[in-house]
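Q: below are the sequence and a predicted model for it; my questions follow.
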Amino acid sequence: MTDQVTSLTSQAQTDIEVNRQILIESLTLLYRSMPSAALGHFVAVTFIIFALYESVALSPLLIWGGSILVMAAIRVAVTTFVERRIMDAEIGAISKWANMLAALAFIQTSIWGASVFAIWPDDIGYRSFLIALLAGIVAAGGIMLALHRNSFYIYCLPITIPAVIQLCLGGSQLELLLATLLIFYSGLLYFSVNRLTNVFLEGLKLRFQMQTESRTDALTSLANRRGFDESLHDIWQQSIRSKQSIGLLVLDVDYFKNYNDYYGHPQGDIALRKLGELFLKVASRSTDLCARIGGEEFAVLMPATELEGSQQVANAIMEELLGARIPHRNSKNGFLTVSIGLNVIQPT
């Protein structure tokens, strides 16, 4: 029963980490595309203003165009803010940032959609030009946000629905034909983007699951030596940026060869799993890392932890192990113990 609970807990932690990595990947891709997207909005607005400045009132045209560009600048600024902090953030904060960026995208596309009411030209040729440009905005934005499950609703519908309504209100044969084509085009885009989203996210999930499994010790479900080394590198770099100390415990199970000789290797595996659960119970912060770095050697890596805090964790581990009193008749103590080495450093 304990093994089942441990397995379920480990799987849940793995799923959380996979989802976190997918969010990081999607937001990183969004960040990389934002400068070109902002430039695209600027070019599109410039084309519209140049094409329509004699066909519609200038004040609404400039106000509308300025609103688009202001929102593009805000999105670039917010995305830059998120990109600088995303690697150190937990999944709750990352999800909040993703929702915020989606809301900003929705506001911007709603302004694009409002163009069919704010700057709707009288000439049917200019109307067709505006509809064609809006269709291009929908296509570009839908693909750029393909990693977001609700990209179609965020980027397509706020533009498509107002445009279709305005075209239907016009009532001419050409406008009704354009409305029909826009509906068909949007439906085709929905299925295409949805399929692209599913394939991309499944690929990302599979890749991150394989990476996570390659860094996990199969016996204890703790990080393995590879996972420890990679995490140490990442935490070291984070600590340089944050100017905070790192605490490290290295734990060696006393007389474990004697334990295996007396109780057998299967029972030794059970003892190692129990120790892994104990270490996770004590070093329970989401930023702490418990790893099995050798046969009976473990490590606890604690970011943003001073000497006193590291000593408290070491003492708590010894107290928990003393309370567990795992029998070890081939030890002078009569139960399983560990030797702990401790160090604290502020990386430079």
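A: Here it is on my side, so go on.

Q: where does the prediction get shaky in this structure?
A: Within the chain, the ranges that satisfy pLDDT under 70 run 1-23, 26-27, 29-31, 86-89, 91, 142-152, 209, 211-212.

Q: next up, phi/psi of residue 223, please.
A: phi -60, psi 150 (degrees, to the nearest 10).

Q: who does it bridge with?
A: residue 216, residue 291 (DSSP bridges).

Q: can you pull the buried residues of stretch 66-73?
A: By 16 or more other CB atoms under 10 Å, the buried positions in stretch 66-73 come out as 67-68, 71-72. C-beta coordinates here come from the backbone N, C-alpha and C atoms, glycine included.

Q: after the host helix or strand of residue 322, next one along is what?
A: In the assignment (DSSP states H and E), residue 322 maps to helix 307-324. Per DSSP H and E, helix 307-324 leads on to strand 338-345 as the next helix or strand towards the C-terminus.

Q: extract the CA atoms of that next one and return them as CSV.
A: The C-alpha trace of strand 338-345 is given here as CSV (Å, rounded to 0.1, in the frame of the first residue of the first chain):
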residue,chain,number,x,y,z
VAL,A,338,22.9,7.6,8.3
SER,A,339,26.0,9.7,8.3
ILE,A,340,25.4,13.3,7.1
GLY,A,341,27.9,15.7,5.6
LEU,A,342,26.7,19.3,5.4
ASN,A,343,27.9,22.4,3.5
VAL,A,344,26.5,25.8,2.6
ILE,A,345,27.9,28.2,0.0
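
Q: strands along the stretch 101-250 of the chain, start to end?
A: 246-253 (DSSP state E, counting those that start in this stretch).

Q: can you pull out the helices in it?
A: For the stretch 101-250 of the chain, the helices defined by DSSP state H, counting those that start in this stretch occupy 124-144, 151, 157-170, 173-214, 225-242.

Q: nearest to residue 267, of those?
A: Smallest distance to residue 267 across the helices of the stretch 101-250 of the chain (CB to CB): 23.7 Å, for helix 225-242.

Q: same for that closest one, what does it pack against?
A: Contacts defined by 3 or more CB pairs under 8 Å, 6 or more residues apart in numbering; DSSP states H and E place helix 225-242 against strand 246-253, strand 289-292, strand 297-303.

Q: make CSV from those strands and add distance to residue 135 to it.
A: Listed next are the helices and strands packed on helix 225-242 as CSV, based on distance: least, CB to CB, whole Å:
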stretch, distance to residue 135
strand 246-253, 53
strand 289-292, 49
strand 297-303, 49
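
Q: ranking those strands by burial, who's on top?
A: Most buried of the helices and strands packed on helix 225-242 by mean neighbour count (mean count of other CB atoms under 10 Å) is strand 289-292; its value is a mean of 25.

Q: can I get it in CSV, CA atoms only?
A: C-alpha atoms of strand 289-292 as CSV (Å, rounded to 0.1, in the frame of the first residue of the first chain):
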residue,chain,number,x,y,z
LEU,A,289,15.7,18.4,-4.3
CYS,A,290,16.2,14.9,-2.8
ALA,A,291,18.4,12.6,-4.9
ARG,A,292,19.9,9.1,-4.8
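
Q: could you give me the buried positions within stretch 321-333?
A: Neighbour-count burial for stretch 321-333 [16+ other CB under 10 Å]: 321, 328, 331.

Q: er, stretch 54-70 I mean
A: For stretch 54-70, by 16+ other CB under 10 Å, it's 55-56, 61, 64-65, 67-68.

Q: next up, the contacts around residue 170.
A: 127, 176 (CB atoms under 8 Å, 6 or more residues apart in numbering).

Q: ok, residue 316 to residue 248 distance?
A: Distance, residue 316 to residue 248, by CB to CB, to the nearest Å: 16 Å.

Q: let me fix that: residue 199
A: On the measure of CB to CB, residue 199 and residue 248 end up 41 Å apart.

Q: now residue 330. Nearest residue, chain neighbours left out?
A: Distances taken as CB to CB, 6 or more residues apart in numbering place residue 258 nearest to residue 330, at 3.7 Å, with adjacent residues excluded.

Q: for residue 228, same thing?
A: Spatial nearest neighbour of residue 228, chain neighbours left out: residue 291 (3.8 Å); criterion: CB to CB, 6+ apart.

Q: hmm, residue 216 and the one you found touching each other?
A: No: between residue 291 and residue 216 there is no contact under CB atoms under 8 Å: 9.6 Å.

Q: joint contacts of those two?
A: Joint contacts of residue 291 and residue 216 (CB under 8 Å, 6+ apart) are 222-224, 227.

Q: which single one of these is nearest to residue 210?
A: Set against residue 210, the nearest of the shared contacts of residue 291 and residue 216 by CB to CB is residue 227 (13.0 Å).

Q: thinking the closest one is in contact with residue 216, fair?
A: Yes: the criterion here is CB under 8 Å, and residue 227 meets it with residue 216 at 6.4 Å.
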